[in-house]
Structure formats: C-alpha cells, structure tokens
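Engineer: quick one: sequence plus predicted model below, questions after.
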Amino acid sequence: MFLAHINSLQASIFSSLAILSLLLTFVMLGSHWLKNYVYAFAAQSWLIAALSASVGYFSGYRELYAIAVLTALFRGLVLPWLLMRIVSRLNVKREIHSVLQSSSSLVIGACVVMFAFVIANHMSRQQQGAAHVVILALTIMLSMKFLGFLMLSVRDEAVSQILALLVLENGIFLGSQILVPGMPLLIEIVILFDLLIVVACFGMLVRFLVVHAGTTSSRELNRLVG
Amino acid sequence: MGRQLLSILLLAPLAAILVSLASRRARIAEYATVAAAIIDLAVSIPLLLRTLSGSLIFAHGYVLLDAFGVWVILCVSIVYALSSIYAVGYMRLLNEEERLPTFYALFSGFALTMLLACVMNNAGVFWIAIELTTLVSTFLVGFEREAESTEAAWKYIVVVSGGISLALLGTVLFYWGSSFVLGPSYAMTWAALRQSAPQVYPPLLLVSFLLVLVGYGTKAGLAPMHTWLPDAHSESPAPVSAMLSGALLNASMLGIARFLGVVTGTSVSRFAHAAVVGFGIFSFVLAILFIVRQTGIKRLMAYSSVEHIGVQALGLGFGGPLGMAGALYHMLNHSLNKSLMFYGAGNAMRAYRSKEIKSIRHVLKVFPVSGILWLLGAVGIAGAPPFALFLSEFTVLRAGIGGSYRWVVIVFVIFLIIVFIGFLSHFRAMYFDEAPEGEIVPLPFTAWRTLPMWLAFLPLLVLGLWWPHGLWNIFHQVFLSVMGGGQ
C-alpha cells in the first residue's frame, strides 16, 4: 500500500490538488453561466490528470501516466469541446429557472461536504501517517457525489444535468486515483471511453429534445406523471 | 463445448446487427433478428446444462459462465426471442419502414449488451456492460420520437446514469477494501471479492454494498429509485417494453445478487440482507398503491414490473436455498408473463389508438383469441394459480415465513391480495364494462403478434402446474455458488 509510506510533501500535493477540484465544483454550483460550468469542468479534469501523474510519479505505477494523458485529452479537451458545441447550438446562455438561489445552494453544498466528512471518517481505519489523505480523498469523493446530485436536482437545463453527471464521475475518478492507484488499467481506460459515448448519446438526445419536445429544460418535461 | 456455445450466443446478435445495418432493408433486418434470437434461445439451454457440471472461465478470467449467469441468459434470450417475433408484427404498424433497420440493430445490440453483462466475471467490467445497456436502450425508448417518448428517454438516461454512478463508487470502494487483503493490484473477480470480504473493515464493506445496491437497484427499478421505469416502459414500443421489463431488470438483479453473495457470510451479512428486504417490500407496496389507481395501460404493466422486481428482491433478501429458488423461478416466470402482458397491451393500444385504460373496452369483441390469452395472463400476473407466478411467489413466502422477517411476510400477503383485486379490476373494466360510442376496427390478424403470446402463455401454464425437479438442482447450485451456502 503506497499510502502507508507517504511523506508530507506528497501528502500536501495530493491534498491541494484534491481540494482545488472540490473548489471548482463549488464554482460550478455557484455560477449561472453555462460556459463557466464547462470551463470549470475542464479545469477540474486537468487537475485530476495532474493528480494521476503525480500519484504515478510517487507510487511507481507507471501506467498512471497513460491515464493522466487520456484524462487530460478526453475529459480536459474532447468532452468540454463536445459540451461547448451543445451549448452554442442550444442558444441558452444561462440557467434562468433554478430552484435554489446560488447562495443557498452554496450553503447547502457546504453542509453536504461536512456530511461527507462524517461518513468518510467512519469508513476508514488507516494508520496515523496516511489517515488524513485517505479521509480527505474519501470526503472529496463523497462530497463531489453529493454536490453532483445537488446540481442534478436544482438545475433544469439539459446541459447542466449532463455536467452534473460528469461531476459525479469526476469525483469517483479523483478518489480512485488516490485510494486505488493499482486498479487495473483496462478498466480505467474503458470507463474513460465509456464517458465519451455517454456524452455523445446525451448530445444526440438533446437534439431530439429540441426537435420533439420543444424544450431542453427538465422543468417543462412534465407530461409523464403518476 | 462451452466456449463454442458462448461464441454462438454472442455472435448471433452481432451478426443480426451487422446484417440490419448493412442491408438497410426492413424485411431482411426483421428476419435476421428473429433468426439470431431463436439461435440464442436454442443455445442457452445446452449452455445451462453445461454449466451444471461446473463453472467455466475464459478470456484471462474476464468471462465467467456459471449457472446463475446462464439462468439470466436463458431469461434474456426467451424475452429476446418472443419480442423479436412480436416486433415483426408490431413495428410494421408504426409506418416507420425506413428506420426499421436501425431499430432492429439497436434491438439486437440491446440484447447483446445484456448477454455480455451476464457473463462478466469482473465487477468493473460488469458495470460497463450495464452502462452500455442503458445507452443502447435509450434510443429504443425514444424511438417513436414523440414529445412523450423523448421525455421518457431523457429521464431514463439521466436518472439511470446518476444511479449507476453510485454503483461505480461502490465498486471502487469494494476494490479499495479488498486491496488491504489482496494487495494493491488484483483482478476484481466475484470470487476474489468474496474470498477477501470477511477481512474487510465492516463499515467500509457495508457502505460499499449499500452504494452498489442503490446503484444497480436504480437500474433494476427498485423503489424509490424506480421513477424512470414507468415512463420508459410506457413510452417505448411494446417489444422494447417487454425487453426492458423481462430482461433488463433481471440483468441488474444479477448484479445485486452477486454483490449480496460477496457480503454473505461476513459480519454485515444480516444488515445487507435486511436492506435488500427493505427495498423489496417498499417497491412491492409502493408499486401496488400506484397499480390500484393507474389510468394508463402500459404504466399499469410498468408498475407491475416494479412490484415483481420487489418480489425478487424479497426472495434474495430472505436468503437460504428456498429464497434463492423463489427469486430465480420468479425471474423466469415474470419474464414470460410480463412479455405476454406487454404484447397484449401493445395490441390494445394500436387497436384502440389510446394509452388510457378507460378507452379500452370490450376487448373480447376486438381480440377474440389473443384477448383471452391477455386476460389469463392478467390472472397469472396478479399471482393466482394455476399460473407459474403463484408458485414462485408462494416459494418466496415460504422462505420468509420461517426467518426473522415475519412482519414483512404479513405485509407481503396483505398486499398480494390487494394487487389481485386492484389489477384485475382494471381488466374487468376493460373486458366487461359498457363501451363508449364509436366503432373499433380490429387490427388485421397476423401470426407474428399472436404466436409470441401463445409461446409465453403455454410455458406459464405448464410451469404453474409442474415445477420440474431439474430446476431445483439448478437453483440449489446457484445458491451454493453465489451465496456460498451461507445465510
């Protein structure tokens, strides 16, 4: 277990990258502009790529370099580009009808992070040295999960919902780089590839929504109830 | 021999996809799909017999053929075969000739991803296969391209992708927990997870299991994560509804059962089983409340799926050889019975040009033969003898009554009676109530739409009267291999 022999420099690099990613999630949560979401998502993906590379460097799992390159390429460039195409095609610049104000969603987001910390604290039993990195990784993994679901439930625009789903996945990816760097390469590559297909499908579906349902706001998708 | 059979099983739908896409001719695509589906059904039975003499592992440990996986494969191929026959008759009614090849390619692709999920030996790759089923079936749900079906497709993909990402998190946490035992890098096979689970820190194991349960539970349609299900099942074309209900839900239950097997025998086993029972009974009760007050005919069938997936979860959660047998038998019977119900609903929807129960009246005048099959199917799905679902529900009941879930069993029995009355009262109205004004023109008769109803109905009746002894052996073997014989 490489986390058991981690030194303070490595710990602080991992922690700061992870915390910065969490902050970017809050940027997405607080902003109304769809373009800002995409930029924040791209930046977050680059941070995760940097994290993969640094874990690869310190732990000796050389295949993490490949993951880092693929993450930067797919999540950092291709997905934001696809999303930007959807945004520009839709002609929607900002979320208008959000259920919650930005400020209140930030406050709820903060509470959610605390809740994630409590769960993370119960789940790990590491030795002293690595404990805070492990708990931090778990906390950020869970809180990005919760924040993603929060965004999914308070945002209406189709693009925001796609981004919220991507945040859910980013959280898992980030946590798994720290907790299980030895996870087989094949699975990680396939998951990355899978993500690409997901976004392509969402893109097609958004087009159908515009043509057949006449709206991309989930608030107006209310024909099917009961 | 197992390897060859498996190759045929997977290559047949693949060939159907390629033929459909290459020919771009609706008739060729139809026949290719039917042929592939019948080949799959024919192959899955010897495959099941082959796995009884031991599990097989291929492809560097990524592919596992065991009795459980092949049992689900059998259920999937039955529904695939029946639905592709029905689709030939049904899809021609939609006047979408030029898009039919795409439909059949997606249809076989959907079956292929489900079959793949059943043989995956690695929890991570299993997740990917389940995710692929969502992506392919989204476009089948939205195939009719109306406002409702597009809305249903959107809700389906958003809710299920969100839910399934929880399962990914749970899978990663399972990997992390076992990495303390097996070392930082190992193949995440079901066997490896089960072998290491007793030494994993229990709170971590429990959280991982609950995440996986909620994740695959979303896909399986367990309440309260079932919200996508009534929309997707009611808005997709009838053969797709049958595939979603009779095949896809089973493939997701397979994931839940495998992970339940991983934690069975550890210190969190009791709690994990209780959680599955909890979701099961909640789905059962909630679905029945919606069934009683339902107004849409296909939504009625969709909620009935939530109900029956709840029964399967109850069987798994009660545990023991009896619970496992009940859940697996229920899986097969529900696949048959729900296909029959969706085919009948599809016919009725097309003839009456409405999705509302209140505009469907005097069914027997419009469908003299298939109407009787549909009515008998409704009696069966409400859980009455002599049909097969009665036997499997009764087995689940027996599994629960001896254990510590006495109160759950009482609620189960009460709501079984309610659903019998509630479900059949809709059918009474559709068959015997006064008809509104206006003449209904019956659909032109075609064997494509009636034959699959017979093919679903006859086994239901046979399996309801006679539970073949060989099935007990299969169920018991699944119990031993998946749950390790533990409670």
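Structural biologist: Arrived safely. Numbers count the residues shown, from 1 in each chain, chains lettered A, B, ... in the order given.
Engineer: quick one: the helices in chain A?
Structural biologist: With helices called from DSSP state H, chain A shows them at A:8-30, A:34-59, A:63-73, A:79-90, A:102-123, A:128-154, A:158-179, A:185-208.
Engineer: return the most buried member of those helices.
Structural biologist: Ranked by mean neighbour count, the helices of chain A are led by helix A:158-179 with a mean of 25 (mean count of other CB atoms under 10 Å in any protein chain shown). In short, each C-beta sits where N, CA and C put it, glycine included.
Engineer: which helices and strands does that helix pack with?
Structural biologist: Under the contact criterion of 3 or more CB pairs under 8 Å, 6 or more residues apart in numbering or on different chains; DSSP states H and E, helix A:158-179 touches helix A:8-30, helix A:34-59, helix A:63-73, helix A:79-90, helix A:128-154, helix A:185-208, helix B:147-182.
Engineer: nearest to B:Arg350 among those helices would be which one?
Structural biologist: B:Arg350 lies closest to helix B:147-182 among the helices and strands packed on helix A:158-179, at 15.2 Å (CB to CB).
Engineer: how far does the helix or strand just after the closest one sit from the chain's center?
Structural biologist: Next helix or strand after helix B:147-182 toward the C-terminus (DSSP states H and E): helix B:190-196. With CA atoms, centre = their mean, to the nearest Å as the basis, helix B:190-196 stands 26 Å off its chain's centre.
Engineer: and helix B:190-196, what's its mean pLDDT?
Structural biologist: Helix B:190-196 carries an average pLDDT of 91.
Engineer: for it, list the C-alpha coordinates in CSV.
Structural biologist: Presented in CSV, the C-alpha positions along helix B:190-196 are these (Å, rounded to 0.1, in the frame of the first residue of the first chain):
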residue,chain,number,x,y,z
TRP,B,190,-16.5,-12.1,-7.9
ALA,B,191,-14.5,-14.9,-6.4
ALA,B,192,-11.7,-12.6,-5.3
LEU,B,193,-14.1,-10.1,-3.7
ARG,B,194,-16.0,-12.9,-1.9
GLN,B,195,-12.8,-14.5,-0.6
SER,B,196,-11.5,-11.2,0.8
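Engineer: quick one: low-confidence ranges for chain B?
Structural biologist: B:437-438, B:485-487 (pLDDT under 70).
Engineer: again with chain A
Structural biologist: Using pLDDT under 70, chain A drops low at A:1-2, A:95-98, A:126-129.
Engineer: can you count the residues close to the residue of it found nearest chain B?
Structural biologist: Across chain A, the shortest distance to chain B (CB to the nearest CB) belongs to A:Gly182, at 3.5 Å. Residues lying near A:Gly182 (other CB atoms under 10 Å in any protein chain shown) number 19.
Engineer: dump the helices and strands packed on helix A:158-179 into TSV; add distance to B:Pro198 as well.
Structural biologist: Output for the helices and strands packed on helix A:158-179, formatted as TSV (distance: least, CB to CB, whole Å):
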stretch	distance to B:Pro198
helix A:8-30	31
helix A:34-59	28
helix A:63-73	30
helix A:79-90	40
helix A:128-154	22
helix A:185-208	24
helix B:147-182	9
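Engineer: B:Gly215 is nearest to which of those?
Structural biologist: Closest among the helices and strands packed on helix A:158-179, using CB to CB: helix B:147-182, at 2.5 Å.
Engineer: what packs against that closest one?
Structural biologist: Packed against helix B:147-182 by the contact rule (3+ CB pairs under 8 Å, 6+ apart) you find helix A:128-154, helix A:158-179, helix A:185-208, helix B:123-141, helix B:190-196, helix B:202-220, helix B:228-235, helix B:249-263.
Engineer: recalculate using a threshold of 7 Å.
Structural biologist: For helix B:147-182, the elements it packs on are helix A:128-154, helix A:158-179, helix A:185-208, helix B:123-141, helix B:190-196, helix B:202-220, helix B:228-235, judged by 3 or more CB pairs under 7 Å, 6 or more residues apart in numbering or on different chains; DSSP states H and E.
Engineer: in the helix or strand containing B:Phe415, what's buried?
Structural biologist: Assigned by DSSP H and E, B:Phe415 falls within helix B:406-432. Residues of helix B:406-432 classed as buried by neighbour count (16 or more other CB atoms under 10 Å in any protein chain shown): B:408-409, B:412, B:415-416, B:419-420, B:422-424, B:426-427, B:430-431.
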